[in-house]
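Participant: Can you look at this prediction? I've put the sequence above it.
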Amino acid sequence: MGSDVISVTEAKRLILAAVKPLPAVSCDLADACGRVLAADVVSPFPLPLHDNSAMDGYALRSADTEQASDNNPLSLTVIGVIAAGESTHGLPPLLPTQAVQIFTGAMVPPGANAVIRQEDVTIHEDQIVLTRPVRPKESLRFKGEEVGEGDTVLTAGEVLSPAGIGVLASLGLKSVQVATRPRVGILVTGSEIVTDFIHLQPGKIFDSNSHVLTAALQRMGLPPVFRKSCVDDRETLRQTIGDGLAKCDVLLVTGGVSVGKFDHVNEVSAELGIEEIFWKVRQKPGKPLFFGSTKDGQKLLFGLPGNPASVLVCFYQYVYPALMKAMGATEPFLASAHVGLHKDFAKPPGLTHFLKARLTAGGTVEILERQGSHMMSSFARANCLAAIDEAVTDLRKGDMVEIHLLPL
């Protein structure tokens with residue numbers, strides 16, 4: 001496609017266009033949290049299954065209570081008790097001035113159309129005394145009010161949350177259809193990188209990129225299947241990238257994608273069958289981002305910058321949505337919002353800036369100090385990225401900016 005520097009919007013469009021959704025598999029409910037649904041879930045029965053009490057109290061006929069007041073206390077006779085899990089099928093309907101003690105979730109007895117809380121009555125032997133009317137349907141939950149039989153309760157492309165798992169369990173499901181998880185690999189390049197936590201020699205740095213990416217992938221339920229480091233040697237790099245592509249659907253390579261003497265990722269990838277889709281995006285940090293795929297689209301390679309903050313920005317802006325789309329997500333990008341700035345901010349035109357930021361308790365967004373692409377200490381405090389468009393230069397306190405919420 002060539003190596004013209006493209007916009008952030010175009011880069012995201014090209015990535016999503018290149019990603020092929022993966023096939024569906026059956027997954028036990030216990031392992032399904034965080035997975036993406038591959039098929040709609042249709043309820044085989046209504047929820048709730050039957051009319052039931054929303055409170056501990058007394059089921060009664062509301063018409064019997066219309067005249068109750070502080071000046072006109074009303075007595076009802078309690079004829080029984082219904083606990084949660086007990087069936088009321090076959091019981092005779094309540095007669096006038098009768099009530100049944102009932103507990104939260106228990107089936108409503110025939111003839112009753114309301115429940116009064118136990119705190120709102122006075123008990124005298126087998127009688128309850130009311131001093132107010134009880135409205136029809138008060139404190140009741142009705143059959144099918146949440147979900148009707150045949151209703152679609154969750155749709156393909158949704159990410160299963162703990163609440164979603166609860167919905168599926170309430171339908172009696174033991175397994176669910178979800179998208180296959182992509183096999184993702186990490187290759188950290190650079191002769192300066194030290195992967196063993198030993199005393200550093202002059203000119204060396206500890207590897208943080210593989211740890212950053214591994215943690216981000218594990219947060220998505222995608223522990224890497226391949227994790228290697230490589231010195232800046234062309235042939236070694238070629239062999240290691242080849243190994244990674246053989247084992248992975250998506251390979252993340254950090255470093256070696258700029259224009260330096262030791263930056264070989266682009267050309268080596270091409271020799272291994274990766275066709276360039278784009279190289280370089282008008283953004284800061286992470287301008288030298290590379291993205292390519294095999295001709296059949298079955299293998300994807302992201303060439304990420306070497307600086308760790310750039311790596312994480314590019315992961316969340318580009319890799320994350322690619323992986324989410326591969327898993328069938330209908331909303332693959334990070335959740336976003338528009339929030340007022342905490343204080344003035346200025347930048348030069350020409351590049352979209354992704355800024356480490358913090359959404360405050362007051363509902364504003366604070367651009368953090370230490371925005372350098374090599375600086376991770378500020379990223380560790382961030383809970384969002386502020387995306388400032390390439391054309392924007394000066395922003396004032398209170399101006400609305402787009403933020404992308406980080407998974408924490």
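Facilitator: Great, that's in hand.
Participant: On the three-state scheme, residue 153 is what?
Facilitator: Of the three states, residue 153 takes strand according to DSSP: H, G, I helix; E, B strand; the rest coil.
Participant: I'd assumed residue 170 was in contact with it.
Facilitator: No: between residue 153 and residue 170 no contact is recorded; they are 9.2 Å apart, counting by CB atoms under 8 Å. Quick note: C-beta positions are derived from backbone N, CA and C, even for glycine.
Participant: Doesn't residue 115 belong to a strand?
Facilitator: Yes: assessed with three-state DSSP, residue 115 lies in a strand.
Participant: thought it was touching residue 51?
Facilitator: No: if you go by CB under 8 Å, residue 115 and residue 51 don't touch, sitting 10.2 Å apart.
Participant: Mind checking which of these two has more residues around it?
Facilitator: The neighbour count for residue 115 versus residue 51, taken as other CB atoms under 10 Å, is higher for residue 115 (28 against 19).
Participant: contacting residues for the more buried one?
Facilitator: By CB atoms under 8 Å, 6 or more residues apart in numbering, the contact set of residue 115 is 53-55, 57-60, 102, 108, 134, 138-140.
Participant: residues in contact with the residue nearest to it when sequence neighbours are not counted?
Facilitator: With CB to CB, 6 or more residues apart in numbering as the criterion, residue 115 has its nearest non-adjacent residue at 4.0 Å, and that residue is residue 139. Going by CB under 8 Å, 6+ apart, residue 139 touches 53, 54, 55, 57, 114, 115, 116, 117.
Participant: can you rerun that using 10 Å?
Facilitator: By CB atoms under 10 Å, 6 or more residues apart in numbering, the contact set of residue 139 is 53-59, 102, 104, 114-117, 120.
Participant: now do residue 40
Facilitator: 152, 153, 154, 155, 156, 157, 158, 177.
Participant: do you know how far the spatially closest residue to the fourth one that is not a sequence neighbour is from residue 407?
Facilitator: Read it as residue 155. For residue 155, ignoring the flanking residues on the chain, the nearest one in space by CB to CB, 6+ apart is residue 40 at 5.2 Å. As judged by CB to CB, to the nearest Å, residue 40 and residue 407 stand 25 Å apart.
Participant: do the same with residue 112
Facilitator: Taking CB to CB, one finds residue 112 at 47 Å from residue 407.
Participant: Comparing these two, which residue is more hemmed in?
Facilitator: With neighbours defined as other CB under 10 Å, residue 112 and residue 407 compare such that residue 112 has more, 24 against 11.
Participant: Can you read off the pLDDT for the more buried one?
Facilitator: The predicted structure scores residue 112 at 98 on the pLDDT scale.
Participant: Would you mind giving the secondary structure of the nearest residue to it once chain neighbours are set aside?
Facilitator: Nearest-residue entry for residue 112: residue 59, 3.8 Å, with adjacent residues in sequence omitted and distances by CB to CB, 6+ apart. Secondary structure state of residue 59, per three-state DSSP, is strand.
Participant: Touching, residue 59 and residue 93? I think so.
Facilitator: No: between residue 59 and residue 93 there is no contact under CB atoms under 10 Å: 11.4 Å.
Participant: so how many other residues sit close to residue 127?
Facilitator: Using other CB under 10 Å, residue 127 has 14 other residues around it.
Participant: Same check on residue 10?
Facilitator: For residue 10, the number of neighbouring residues by other CB under 10 Å comes to 14.
Participant: Likewise for residue 62?
Facilitator: For residue 62, the count of nearby residues is 17 (other CB under 10 Å).
Participant: quick one, phi psi at it?
Facilitator: For residue 62, the backbone dihedrals are phi -60, psi -30 (criterion: degrees, to the nearest 10).
Participant: Correct me if wrong: it contacts residue 116.
Facilitator: Yes: counting by CB under 10 Å, residue 116 is a contact partner of residue 62 at 9.2 Å.
Participant: Mutual contacts of these two, please.
Facilitator: Common neighbours of residue 62 and residue 116 (CB under 10 Å, 6+ apart) are 133, 134, 135, 138.
Participant: Type out the ChimeraX command that picks the buried ones from those.
Facilitator: Those of the shared contacts of residue 62 and residue 116 that count as buried under 16 or more other CB atoms under 10 Å are selected in ChimeraX with:
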select :133,134,138
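Participant: Residue 42: how many residues sit nearby?
Facilitator: If you count neighbours by other CB under 10 Å, residue 42 ends up with 13.
Participant: Also residue 218?
Facilitator: 11.
Participant: remind me which residues of the stretch 51-200 of the chain are low pLDDT?
Facilitator: Applying pLDDT under 70 to the stretch 51-200 of the chain flags residues 197.
Participant: And the strands in it?
Facilitator: 52-53, 57-60, 74-82, 98-102, 114-117, 122-124, 127-130, 140-141, 152-154, 175-179, 184-189, 193-194 (DSSP state E, counting those that start in this stretch).
Participant: So what angle separates the directions of the longest one and strand 98-102?
Facilitator: In this case it means strand 74-82. Interaxial angle, strand 74-82 versus strand 98-102 (axes from the mean of the first three to the mean of the last three CA atoms, to 10 degrees): 50 degrees.
Participant: ok, residue 382 touching residue 369?
Facilitator: No: counting by CB under 10 Å, residue 382 does not reach residue 369; the two are 11.2 Å apart.
Participant: Neighbour count for these two, which is higher?
Facilitator: Ranked by neighbour count (other CB under 10 Å), residue 382 and residue 369 place residue 382 first, with 21 against 11.
Participant: Sticking with the nearest residue to that one once chain neighbours are set aside, tell me its helix or strand.
Facilitator: Once flanking residues are discounted, residue 382 sits nearest to residue 356: 4.2 Å by CB to CB, 6+ apart. Using DSSP states H and E, residue 356 sits in strand 352-359.
Participant: strand partners of the next helix-or-strand element following that strand, parallel vs antiparallel please.
Facilitator: Going down the chain from strand 352-359, the next helix or strand is strand 364-367, by DSSP H and E. According to DSSP bridges, strand 364-367 has the following sheet partners: strand 336-341 (parallel), strand 352-359 (antiparallel).
Participant: Next, the angle strand 184-189 makes with the biggest helix by length in the chain.
Facilitator: Looking across the chain with DSSP state H, the single longest helix is helix 234-247. Helix 234-247 runs at 170 degrees relative to strand 184-189, counting by the same axes, to 10 degrees.
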